[in-house]
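Trainee: Build the 3D model from these lines:
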Amino acid sequence: MPSPDVILGAAVCACLVLVGYAYVGYPALVWALSRLCGRPPTPPRIEAADLPSATLLVVAHNEAADIRARVENALALNYPPDRFEILIASDGSTDGTNEIVREYADRGVRLLAFPTNRGKGAALADAVAQAQGDVLILSDANTTMAPDAARRLAEWFADPTVGVVCGKLILVDPATGQNVDGVYWKYETFLKKCESRLGALLGTNGAIYAIRKSLFPATTTGILIDDFVIPLTARMKSGCRLQYDHRAVASEETPADLGSEFRRRTRIGAGGYQALALLWPLLNPAHGWVAFTFASHKALRWLCPFLLIAALAGNLALVGLASFQVLLGLQLAFYASALGAAALPRRPRFLRYLRLSTMFVMMNAALFAGFFRWAFGPRTGTWHRTARGPAPAGAKS
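Mentor: Purely as a prediction, here's the structure:
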């Protein structure tokens, strides 16, 4: 029988291998499989007269800083006006958001002003019930969509197998307006493309995606990451296809600082564990490629904080063994580099590669915090505005 040190050593190595697979092995494997077994997306070609009726739905809470630009952008979208509705659902806003939206009532913009902040999921459920379009195009209050983006999304619904379409989100610097898509964001976009080729796309970008109204879940109250749970719930219940279209483009400002980004990722982490509890049937191999991508890209990644802690703790217990002294030194050096890289400036651009270790550690720390928020925190879906630069005077967050 193997000694305890051998068993513990094997466990430490297994933890690190699983983390490596989640972040490096899986991307390589899904790329290869998407080329061998997938198919490139081919959008249907339809005339403007055949586009479905659509509702652009934006749920906002205290977004006075951005809502005017969001409405102006929505009004400029190239979509047949007789089949296009703009619906703003204000979830307990107190900063003037409602008053700004009401200025556009004579241009067909509808406002649903809910009196209390109940959370995005609750506001979504009530707003969808009043939406008039057969297709719902969901977006954020700080998003800017390309003029043809809504049409690009809607064209896919000529294919009856398609239930959800995800667009491409570009991140921009709030100060300069320049594209600042980081290595990690490009990495995630790459995974979306590969998974879409396999017919196994997982979730969407909340800033730009569309779903058939008939497939929208009956209730979304309390859901923390709606752009993940809603599309996969539709897939789980109907078998519909989720499609990624890089031609449907939107842009959005990055959070103002690491603190804002950490809080955002903690909320996403809590939503991820919540989603696993809701969507675990997708791990059944009967769901084909979806089971593979869900297990590798999401479920395993949400376990990575615990695998990293277990690897470090197990390695400390084996510090008396020479080979594991080297491994412990490598782990500690990695975490030290992540801490040091956090102090590096954002410019010049090549420094972003040195900050990858910081991003990795911060993301897993946020997932770890998110687990405890999900497990022990208050069961509420209320939300707060993410800082994206200066808010207007009087705005609350």
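Trainee: OK, contacts around the residue positioned nearest the centre of the chain?
Mentor: Nearest residue to the geometric centre of the chain (CA atoms, centre = their mean): Asn205, 5.1 Å. Asn205 is in contact with Cys166, Gly167, Lys168, Leu169, Asp227, Ala250, counting by CB atoms under 8 Å, 6 or more residues apart in numbering. C-beta here means a position set from N, CA and C on the backbone, and glycine is covered the same way.
Trainee: One more pass at 6 Å, please.
Mentor: Contact analysis of Asn205 by CB atoms under 6 Å, 6 or more residues apart in numbering lists Cys166, Leu169.
Trainee: next one: the one 5 residues further on
Mentor: Residues in contact with Ala210, defined by CB under 6 Å, 6+ apart, are Val135, Ile137, Leu153, Val165.
Trainee: swap the cut-off to 8 Å and go again
Mentor: Here Ala210 is in contact with Ala54, Val135, Leu136, Ile137, Leu138, Leu153, Ala154, Trp156, Phe157, Val164, Val165, Gly167 (CB under 8 Å, 6+ apart).
Trainee: That one in helix, strand or coil?
Mentor: Going by DSSP: H, G, I helix; E, B strand; the rest coil, the secondary structure assigned to Ala210 is strand.
Trainee: How about it: which residues does it bridge to?
Mentor: Per DSSP bridges, the residues bridged to Ala210 are Ile137, Val165.
Trainee: now for the host helix or strand of Lys193, which elements pack on it?
Mentor: Element membership for Lys193, per DSSP states H and E: helix 183-197. Packing partners of helix 183-197 (3 or more CB pairs under 8 Å, 6 or more residues apart in numbering; DSSP states H and E): helix 26-37, strand 162-172, strand 241-253, helix 356-376.
Trainee: Any buried residues in that helix, and which?
Mentor: Residues of helix 183-197 classed as buried: Thr189, Leu191, Lys192, Lys193, Cys194, Glu195, Ser196, Arg197 (neighbour count, 16 or more other CB atoms under 10 Å).
Trainee: I'd like to know which helix or strand in this protein has the lowest mean pLDDT.
Mentor: Using mean pLDDT, DSSP states H and E, helix 351-354 stands out as the lowest-scoring helix or strand of the chain, at a mean of 70.
Trainee: returning to what we had before: any idea how far His61 is from the residue nearest to the centre of the chain?
Mentor: Between Asn205 and His61 the computed distance is 19 Å (CB to CB, to the nearest Å).
Trainee: before we move on, the earlier item: what's in contact with the helix holding Lys193?
Mentor: Residues from elsewhere that reach helix 183-197, judged by CB under 8 Å, 6+ apart: 27, 30-31, 33-35, 38-41, 166, 168, 171, 181, 201-202, 242-244, 246, 289, 293, 297, 352-353, 356, 359, 363.
Trainee: That concludes my questions; thank you for your assistance.
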